[in-house]
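Q: Give the three-dimensional model of this entry:
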Amino acid sequence: MTLSQIHVRKTELTDAVLANADAGDLAEGAVRLAVESFSVTANNITYAVAGDGFGYWNFFPPKADDPEGLGIVPMWGHAKVVGSNNAEIAVGERVYGYLPMGSGLDVVPGSISAASFVDTTDYRQPMSPVYNQYARLAADPEHDPARENERMIYGPLFKTGFIIDYFMQSEDWFGAAEVIMTSASSKTAMGLASVAKQNSPHIKRVGLTSPGNIDFVESTGLYDKVVSYGEIGTLPIADCVTVDFAGNADVLAKLHEHFAQTLKYSCLVGATHIEARSTFGGDAKLPGPKPTLFFAPDHFVAFFNEHGSVEGGKMVAKTWHGFLSAVEGTVDIVTREGLEAARTTYLEMVGGSIDPAKGIVIRP
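A: Modelled structure (predicted):
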């Protein structure tokens, strides 16, 4: 079986090539997945930018004669079992989870239940367990056949927004009256804005975005106020927290300098502005609190330890449905065929040229 993968140069994220290799023999106890679909979002660019620091490059080692310096960007999507050496997983069943930007993947299922399993492949174990879980769609309570595209595009990003709001609530929003979100057109920021609107309505939601995205961001109805990055200096001084999804060092510095001591917490989440990315806080001496990296998987592990999988799942599901209602019709879902389309879409996303009003789904 021929396996196709998109190999990305880790030190030069715009260097991405389509490569083919022999998939090899299926190991004992393993299952072979054929990738059916995945979405390409700003979240995937964050995986690439933070790849070495958080192990994102380690999930899917590239099959190449000389893999040194190469990596595969993880995606969220659906796959079908096309080969199985595991008595509990049948050929033909479908799953949802963490997948490579490629045509297939071998996994070794463990902790198998009717609704899910965990990939126990050795090289994946040092990373967060959140990424190693696969939903078995036939018994997955979150699965809606009519909403598969939305789940790929929004699901992981929305959950990051959910857990940020949960964390902020647990800290009483650090005494702030408003939250200022960079990259407000990004789906993760929209997720946070939606959950905060539902669960923390007393917190004013301010979205920062580029001038060309203002109309789109305002059309979502998720923010109380939307301004461009150039207008940061005009924002009223107030007790606030910032959540930085852009990873733009200049924007972060302007926020710290403008709000200074009224800035109660500086939260770093993503890196959508790849051309001006910061080093997730780095050593910059900024006024106000030191920027703090928010690693959502660790917070979710703690969340489910506290509430349990059933009750925690209900809490997430309640706001998920509210989010879907809020964003319905705001994003045009576009389907592209083939891995070459995945490569070009990824490069467009790296270059920041994807219209935020479009959600891209790839069918390899």
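Q: contacts, neighbours, all on C-alpha from now
A: Will do.
Q: Enumerate every residue touching I72.
A: Q5, I6, H7, V8, W57, F60, P61, P62, P100, M101 (CA atoms under 8 Å, 6 or more residues apart in numbering).
Q: same question, K358
A: V331, D332, I333, V334.
Q: can you count the residues close to the first one?
A: Other residues near V331 number 17, with proximity taken as other CA atoms under 10 Å.
Q: can you list the weak-confidence ranges in this protein?
A: 270-284, 356 (pLDDT under 70).
Q: What is the longest helix of it by residue count?
A: In the chain, with assignment by DSSP state H, the single longest helix is helix 148-170.
Q: name the helices or strands packed onto the helix or strand just after it?
A: Note on helix 148-170: by DSSP states H and E, the next helix or strand toward the C-terminus is strand 178-181. Judged by 3 or more CA pairs under 8 Å, 6 or more residues apart in numbering; DSSP states H and E, the packing partners of strand 178-181 are strand 204-209, strand 240-244.
Q: most neighbours per residue, which of the ones you listed?
A: strand 240-244 (a mean of 25; mean count of other CA atoms under 10 Å).
Q: how far is it from where the chain is centred?
A: 18 Å (CA atoms, centre = their mean, to the nearest Å).
Q: Repeat that for stretch 306-323.
A: 18 Å.
Q: ok so, going back, what's the longest helix of the chain packed up against?
A: Counting by 3+ CA pairs under 8 Å, 6+ apart, helix 148-170 packs on strand 31-40, strand 74-84, helix 187-199, helix 296-307, helix 309-327, strand 358-363.
Q: Could you check that helix and say which residues are buried?
A: 148-168 (16 or more other CA atoms under 10 Å).
Q: Using JSON lines, lay out the helices and strands packed on strand 178-181 together with distance to A90.
A: Compiled in JSON lines, the helices and strands packed on strand 178-181 are given as follows (distance: least, CA to CA, whole Å):
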{"stretch": "strand 204-209", "distance to A90": "46"}
{"stretch": "strand 240-244", "distance to A90": "43"}
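Q: Tell me which of the ones you listed sits nearest to V118.
A: Comparison of these against V118 by CA to CA identifies strand 240-244 as nearest, at 31.2 Å.
Q: strand partners of the closest one, parallel vs antiparallel please.
A: strand 178-181 (parallel), strand 263-268 (parallel) (DSSP bridges).
Q: mind putting these in TSV, mean neighbour count and distance to E88 included?
A: TSV is the format used below for the strands paired with strand 240-244 (neighbours: other CA atoms under 10 Å; distance: least, CA to CA, whole Å):
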stretch	mean neighbour count	distance to E88
strand 178-181	23	45
strand 263-268	22	41
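Q: will you turn those into JSON lines that also has distance to H256?
A: Formatted as JSON lines, the strands paired with strand 240-244 follow (distance: least, CA to CA, whole Å):
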{"stretch": "strand 178-181", "distance to H256": "12"}
{"stretch": "strand 263-268", "distance to H256": "7"}
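Q: V226: which of these is closest?
A: strand 178-181 (9.6 Å).
Q: Need the contact partners of that closest one.
A: 189, 203-208, 238-245.
Q: Let's see that with 10 Å instead.
A: Residues outside strand 178-181 that contact it (CA atoms under 10 Å, 6 or more residues apart in numbering) are 168, 173, 189-190, 192-193, 196, 202-209, 223-226, 238-246, 255, 263, 265-267.
Q: would you put the C-alpha positions of that strand in CSV?
A: C-alpha atoms of strand 178-181 as CSV (Å, rounded to 0.1, in the frame of the first residue of the first chain):
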residue,chain,number,x,y,z
GLU,A,178,-13.4,42.7,29.9
VAL,A,179,-11.4,40.3,27.8
ILE,A,180,-9.5,41.5,24.7
MET,A,181,-8.9,38.8,22.1
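Q: rewinding a little: quick one: which of the strands paired with strand 240-244 is nearest D15?
A: strand 263-268 (26.3 Å).
Q: Pull up the distance across stretch 138-149, start to finish.
A: Stretch 138-149 has an end-to-end distance of 17 Å (CA to CA, to the nearest Å).
Q: With stretch 69-88 instead?
A: 37 Å.
Q: and if you look at stretch 59-74?
A: Stretch 59-74 end-to-end distance (CA to CA) = 7 Å.
Q: so how far is it from its chain's centroid?
A: That offset, for stretch 59-74, works out to 20 Å (CA atoms, centre = their mean).
Q: List the buried residues for that stretch?
A: Within stretch 59-74, the residues scored as buried using 16+ other CA under 10 Å are F59, F60, P61, P62, K63, L70, G71, I72, V73, P74.
Q: Show the contacting residues for the second one.
A: This means F60. F60 neighbours (CA under 10 Å, 6+ apart): 5, 71-74, 98-102, 105-106, 123-124.
Q: Also the fifth one?
A: Going by CA under 10 Å, 6+ apart, K63 touches L3, S4, Q5, H7, A19, N20, A21, D22, A23, L70, G71, I72.
Q: Is it in a helix, a strand, or coil?
A: coil (DSSP: H, G, I helix; E, B strand; the rest coil).
Q: Would you mind measuring from it to L70?
A: K63 is 10 Å from L70, by CA to CA.
Q: okay, and the common contacts of these two?
A: Shared contacts of K63 and L70, counting by CA under 10 Å, 6+ apart, come down to H7.
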